[in-house]
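Peer 1: Take this sequence and fold it.
(one chain, ligands or ions: 2)
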Amino acid sequence: MNEETLPAFEQAFGALRQFTRARRPTSRATEHCELCSAGLAQEHPHLVEITSRQILCACDACAMLFDGMERSKYKRVSRQAQYLPDFEMTDGQWENLLIPINMAFFYRSSIEGTVIALYPSPAGAVESLLPLEAWNEIAESNRALSRLLPDVEALLVNRVGHAHGIARAEYYIAPIDECYKLVGLIRSNWRGLSGGSEVWTEIGRFFSDLRLKAYVVSGEANA
Ligand SMILES: [Zn+2]
Ligand SMILES: [Zn+2]
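Peer 2: Ligands and ions are numbered 1, 2, ... in the order given. This is a model prediction of the structure:
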């Protein structure tokens, strides 16, 4: 575990707590746009502050300002998720990425000019040093990765079921706020050493929800 990278991600967790709060049906507290303070509906756009990687809740008007804007402090996160049934990655290729668990997300950082690998942990998102050769090999055989929008979209990999022989590995191009939502629910539902049954129920629910709202992009495995 790369402990020294943890504090950088603490900033993103303020927003994550809002995700977990929003899941509780008893909580009716109105959220506010973090740019203009307008009240927000439960479903509202998110922005990423590029330098801090912080996720901000925004109203439609503020989100619109940053829609597709190339050089700005914030970028709007789209809601669209893509499920990639033809994604190609061997067990060996996955191992070469050196992710210590069977779940991770990868995104291009426009600030750092490289691909960042993160995986969820009970303490939040942990950055993993990504061997770029191993990543490039995967990117070469999966055209979908050339479409990844910097900062706002990630390749989200779930190989938990695959590792236990009960389900196939799942690959998505997911909005980055969804990836942090997964991190947040793991962080807030983790109990004891192994996580407990509740966290695995939540993880299962997260991926079945994502699968339902994602559109399927198939037939493009090899470029
Ligand atoms: Zn606003
Ligand atoms: Zn929000």
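Peer 1: And the helix or strand harbouring Glu95, how far out from the chain middle?
Peer 2: Glu95 belongs to helix 91-96 when assigned by DSSP states H and E. Centre-to-centre, helix 91-96 and its host chain are 20 Å apart (C-alpha atoms, centre = their mean, to the nearest Å).
Peer 1: after it comes which helix or strand?
Peer 2: Toward the C-terminus from helix 91-96 - assigned by DSSP H and E - lies strand 103-109.
Peer 1: helix or strand right after that following strand?
Peer 2: For strand 103-109, the following helix or strand on the C-terminal side (DSSP H and E) is strand 114-121.
Peer 1: quick one: that next one to strand 103-109, angle?
Peer 2: Angle of strand 114-121 versus strand 103-109, following axes from the mean of the first three to the mean of the last three C-alpha atoms, to 10 degrees, is 150 degrees.
Peer 1: Can you name the residues in contact with the helix holding Glu95?
Peer 2: Helix 91-96 has contacts (C-beta atoms under 8 Å, 6 or more residues apart in numbering) with Pro131, Ala134, Glu137, Ile138, Val157, Arg159. (Glycine included, C-beta is placed from N, CA and C.)
Peer 1: per-residue confidence for Leu16?
Peer 2: We have a pLDDT of 48 for Leu16.
Peer 1: who's in contact with the most centrally placed residue in the chain?
Peer 2: Geometric centre of the chain, nearest residue: Cys179, 1.8 Å, by C-alpha atoms, centre = their mean. Each residue near Cys179 by C-beta under 8 Å, 6+ apart is listed here: Phe105, Tyr107, Leu118, Ala154, Leu156.
Peer 1: Go again with 7 Å.
Peer 2: Phe105, Ala154, Leu156 (C-beta atoms under 7 Å, 6 or more residues apart in numbering).
Peer 1: Dump these to CSV, plus neighbour count and distance to ligand 1.
Peer 2: Compiled in CSV, the contacts of Cys179 are given as follows (neighbours: other C-beta atoms under 10 Å; distance: C-beta to the ion, whole Å):
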residue, neighbour count, distance to ligand 1
Phe105, 25, 27
Ala154, 26, 25
Leu156, 27, 28
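Peer 1: name the element Ala134 belongs to?
Peer 2: Taking DSSP H and E as the definition, Ala134 sits inside helix 132-141.
Peer 1: Pull out the buried residues from that helix.
Peer 2: If you call a residue buried by 16 or more other C-beta atoms under 10 Å, then helix 132-141 has these buried ones: Ala134, Trp135, Glu137, Ile138, Ala139.
Peer 1: what's the answer for stretch 197-214, then?
Peer 2: Buried residues in stretch 197-214 (16+ other C-beta under 10 Å): Val199, Glu202, Ile203, Phe206, Phe207, Leu210, Ala214.
Peer 1: With adjacent residues omitted, what lies nearest to the third one?
Peer 2: Right, Ile203. Closest residue in space to Ile203, ignoring its immediate chain neighbours: Ile186 at 6.7 Å, by C-beta to C-beta, 6 or more residues apart in numbering.
Peer 1: quick one, the helix holding Ala134 and strand 114-121 angle?
Peer 2: Put simply, helix 132-141 runs at 100 degrees to strand 114-121, going by the same axes, to 10 degrees.
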